[in-house]
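Colleague: below are the sequence and a predicted model for it; my questions follow.
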Amino acid sequence: MKKGLIGKKVGMTQIFDDKGNVIPVTVVEAGPNVVTQKKTMENDGYEAVQVGFGDVKVTRVNKPMKGHFDKADVAPKKVLKEFRLEDISAINVGDIIKADTFAEGDIVDVKGTSKGHGTAGAIKRWNFSRLRMTHGTGPNHRHQGSLGACSSPSRVFKGRKMAGHYGHETVTIQNLKVVKVDAENNLIAIKGAIPGPKGGIVVIANAVKA
């Protein structure tokens with residue numbers, strides 16, 4: 001991994017390119033991130049940097065985390081994330097990483113937590129078809145229907161698509177293009193949609209498969 005940032009999803013909008021084409025973009029408040037810890041091969045067995053995003057009150061962190069932030073001499077942060085970068089020799093604890101880490105035209109992967117829908121039926125969760133509305137089908141128009149065979153095998157196979165918890169899971173969208181970077185306001189406009197609701201925490205990193 002060459003670079004990465006923790007950010008907050010602001011929302012979606014659209015911008016125009018030089019030719020007048022409309023580009024749908026998601027605006028992310030990317031940073032500023034603060035380096036809170038540096039993992040080295042000697043001490044930890046691998047090389048990585050831990051960065052923090054989003055200020056939080058001192059009273060909102062427990063004593064072990066307060067000691068962790070005090071050791072790094074940084075203000076308490078709401079979200080911590082490790083990035084295994086290729087070269088961390090030039091990065092030190094306390095450094096500030098801003099949105100200008102990425103540039104216009106970069107291809108990135110964005111990871112976030114999808115919107116939670118609670119317990120949902122098979123139609124909403126798996127896009128099942130609704131039953132007929134006439135000829136004596138009711139009142140069960142949105143039920144799942146048959147789950148399997150009869151006496152053989154006398155059970156429902158594991159992995160069957162059924163009603164249950166829907167959403168609120170980690171989702172990664174790959175190979176998105178950075179359309180615009182506003183370094184002054186720490187904003188990055190990424191083409192297309194990214195997971196999660198407005199205000200959700202996302203992680204931006206250079207694309208793995210680009």
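Modeller: Yep, that arrived. Numbers count the residues shown, from 1 in each chain.

Colleague: contact partners for Gln174?
Modeller: By Cβ atoms under 8 Å, 6 or more residues apart in numbering, Gln174 lies in contact with 109, 207-209. Where you see a C-beta, it was placed from the backbone N, CA and C, and this is true even at glycine.

Colleague: how far away is it from Ile190?
Modeller: 12 Å (Cβ to Cβ, to the nearest Å).

Colleague: helix or strand with the lowest mean pLDDT in this structure?
Modeller: Every helix and strand of the chain was ranked by mean pLDDT, DSSP states H and E. The lowest is helix 41-44, at a mean of 88.

Colleague: got the buried residues for it?
Modeller: By 16 or more other Cβ atoms under 10 Å, helix 41-44 has no buried positions at all.

Colleague: over to stretch 176-192?
Modeller: 176-179, 181, 186-190.

Colleague: so is the residue lying farthest from the centre of the chain in a helix, a strand, or just coil?
Modeller: In the chain, the greatest distance from the average C-alpha position (Cα atoms, centre = their mean) is reached by His135, at 45.9 Å. Three-state assignment for His135 (DSSP: H, G, I helix; E, B strand; the rest coil): coil.

Colleague: residues touching it, list them.
Modeller: His135 touches nothing, counting by Cβ under 8 Å, 6+ apart.

Colleague: quick one: contacts of the least confident helix or strand of the chain?
Modeller: Glu47.

Colleague: what's the following helix or strand after that helix?
Modeller: strand 48-55 (DSSP states H and E).

Colleague: ok, then the element right after that following strand?
Modeller: Following strand 48-55 in sequence order, the next helix or strand is helix 63-72 (DSSP H and E).

Colleague: still on that earlier bit, which one of the contacts of Gln174 is nearest to Ala30?
Modeller: Nearest to Ala30 among the contacts of Gln174, counting by Cβ to Cβ, is Asp109 at 13.6 Å.

Colleague: quick revisit: which of the buried residues of stretch 176-192 fall within strands?
Modeller: Counting by DSSP state E, the part of these found in strands is 176-179, 181, 187-190.

Colleague: could these be laid out in TSV, adding pLDDT and distance to Thr13?
Modeller: Listed next are these as TSV, based on pLDDT from 0 to 100; distance: Cβ to Cβ, whole Å:
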residue	pLDDT	distance to Thr13
Leu176	95	15
Lys177	94	16
Val178	95	15
Val179	94	11
Val181	93	15
Leu187	94	11
Ile188	95	13
Ala189	95	8
Ile190	95	11
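
Colleague: report the central residue of the chain.
Modeller: Short answer for the chain (Cα atoms, centre = their mean): Gly112, at 1.2 Å.

Colleague: list the contacts of it.
Modeller: Gly112 neighbours (Cβ under 8 Å, 6+ apart): 9, 170-171, 194-196, 200-203.

Colleague: pull out the buried members of those.
Modeller: With burial judged by 16+ other Cβ under 10 Å, the buried subset of the contacts of Gly112 is 9, 171, 194-196, 200-203.
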